[in-house]
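Enquirer: just a sequence and a predicted model for now, questions to come.
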There are 2 protein chains.
Amino acid sequence: MARQGSLSANPAPSLRIGEVARRTGLPVKTIRYYCDEGLLQPKDRSAGGYRLFDEENLAELAIIRALRAMDVSIPELARILEVRRAGVCNCGVLKDSIAAKMESINLRIGELAAMKDELARLLSSWQDCGGSKLQR
Amino acid sequence: MARQGSLSANPAPSLRIGEVARRTGLPVKTIRYYCDEGLLQPKDRSAGGYRLFDEENLAELAIIRALRAMDVSIPELARILEVRRAGVCNCGVLKDSIAAKMESINLRIGELAAMKDELARLLSSWQDCGGSKLQR
DNA sequence: AAGAACCCTCCACTGGGTAGAAGCTTCACC
DNA sequence: GGTGAAGCTTCTACCCAGTGGAGGGTTCTT
């Protein structure tokens, strides 16, 4: 009964996990994992136990995807989303976490650049190796 | 008998794992782990079963440390060190792996820079948030 | 011979998923 | 109304590169 939205005037269409996966591009397993970790709370369950998602869940997944791509950890995300879910403005929390993330990105970029230089140095110092025995 | 080198003229002083840890700055557990994974082969064992390392092992650890810092994976390192141990010049292998690594570092730096820009944009667009309810 | 420092193996845990198994639900079509 | 396929459920186990601890043996110094 009441299958997939269009029968009722309810604006929440109750997407199932596969559809959410299709729309977000995330693997089904990953979405389930986010649910298990408390990042995502499906709005409902079907009589058979299927997770039912709504547009708000999609919005949350968009946030999760964006911040995960920036290496925000799952616990940190849980914190952020919880505050968000409580309806409180969490600009402060987000700003702190984003500022910290930018700092760590800067550090990481510096490290990577140093590595690259070192590798380039290494490569150029090897131009003369002929392919015989290695002198240890 | 023949404790810790100086009694014999042998140039290999048979370091124990703690001393190797001290010299390389790596945790004992990590060195043991590298042995388990086949990256490092202690030259000997004491009668009591202690791993005994030599200078060559230290050289290998230096390589491991340097390449691990550049995110070369353990299996890849195992491959590299195996070839090296066989006495064959593995400049080709190393060069390929280093070139690939530089490529991926470049990619990663680009990604990180893009993230940073996006985060900066995000931060600057939030200067006006007052701290009340979040409009979702 | 005692005691401190050192080392051994084995097992379990981390984070962020991913893979597969066994079984239940939903859907479209006939 | 029946059937097959797809989709879903939970559960367990695995990946990497280590790290932590338990429980017990070894080496060195005094």
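Expert: Now that the structure is in, tell me what you want to look at.
Enquirer: how does chain A divide into domains?
Expert: A:1-88, A:89-124 (automatic domain parsing).
Enquirer: using TSV, lay out the ones you listed together with mean pLDDT and mean neighbour count.
Expert: The way it works is simple: take the backbone N, C-alpha and C, and place the C-beta from them, glycine included. Formatted as TSV, the domains of chain A follow (pLDDT from 0 to 100; neighbours: other C-beta atoms under 10 Å in any protein chain shown):
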stretch	mean pLDDT	mean neighbour count
domain A:1-88	82	15
domain A:89-124	76	15
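Enquirer: what's the closest of those domains to residue B:77?
Expert: domain A:89-124 (15.0 Å; C-beta to C-beta).
Enquirer: mind listing the helices for chain A?
Expert: Using DSSP state H, the helices found in chain A span residues A:17-24, A:28-36, A:55-69, A:74-85, A:91-124.
Enquirer: could I get those as CSV with distance to residue B:116?
Expert: Formatted as CSV, the helices of chain A follow (distance: least, C-beta to C-beta, whole Å):
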stretch, distance to residue B:116
helix A:17-24, 24
helix A:28-36, 25
helix A:55-69, 12
helix A:74-85, 18
helix A:91-124, 5
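Enquirer: format those helices as TSV; extra columns: distance to DNA strand D.
Expert: Output for those, formatted as TSV (distance: least, C-beta to the nearest atom of the strand, whole Å):
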stretch	distance to DNA strand D
helix A:17-24	3
helix A:28-36	5
helix A:55-69	12
helix A:74-85	14
helix A:91-124	15
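Enquirer: please name the nearest non-neighbouring residue to residue A:18.
Expert: residue A:28 (6.2 Å; C-beta to C-beta, 6 or more residues apart in numbering or on different chains).
Enquirer: which one of the domains of chain A lies nearest to DNA strand C?
Expert: With C-beta to the nearest atom of the strand as the criterion, DNA strand C lies closest to domain A:1-88 of those, at 2.3 Å.
Enquirer: list the contacts of residue A:28.
Expert: A:17-18, A:21 (C-beta atoms under 8 Å, 6 or more residues apart in numbering or on different chains).
Enquirer: separation between the residue nearest to residue A:18 and residue B:121?
Expert: 32 Å (C-beta to C-beta, to the nearest Å).
Enquirer: now do the contacts for the closest residue to residue A:62 other than its chain neighbours.
Expert: Using C-beta to C-beta, 6+ apart and skipping the chain neighbours, the partner closest in space to residue A:62 is residue A:24 (7.4 Å). When contacts are counted by C-beta under 8 Å, 6+ apart, residue A:24 touches A:31, A:58, A:61-62, A:65.
Enquirer: which pair in those spans the largest distance?
Expert: Most distant of these, by C-beta to C-beta, are A:31 and A:62, 12.5 Å apart.
Enquirer: quick one, what contacts residue A:61?
Expert: A:20, A:24, A:26, A:31, A:34, A:40.
Enquirer: from residue A:51, how far out is it?
Expert: 12 Å.
Enquirer: also residue A:96?
Expert: Counting by C-beta to C-beta, the gap from residue A:96 to residue A:51 is 31 Å.
Enquirer: residue A:36 now?
Expert: Taken as C-beta to C-beta, the span from residue A:36 to residue A:51 is 11 Å.
Enquirer: overlap of the contact sets of these two?
Expert: Counting by C-beta under 8 Å, 6+ apart, nothing touches both residue A:36 and residue A:51.
Enquirer: point out the residues in chain A that sit beside DNA strand C.
Expert: Within chain A, the positions lying close to DNA strand C (C-beta under 7 Å from any atom of the strand) are A:3-4, A:27, A:29-30, A:33, A:46-50, A:68, A:73-75.
Enquirer: farthest-separated two in the residues you listed?
Expert: A:3 and A:73 (38.1 Å).
Enquirer: check contacts around the closest residue to residue A:14 other than its chain neighbours.
Expert: Nearest residue to residue A:14, sequence neighbours excluded (C-beta to C-beta, 6+ apart): residue A:52, at 4.3 Å. By C-beta under 8 Å, 6+ apart, the residues touching residue A:52 are A:14-16, A:42-46.
Enquirer: list just the nearest of these to residue A:101.
Expert: residue A:42 (27.8 Å).
Enquirer: gap between that closest one and DNA strand D?
Expert: Separation of residue A:42 from DNA strand D (C-beta to the nearest atom of the strand, to the nearest Å): 7 Å.
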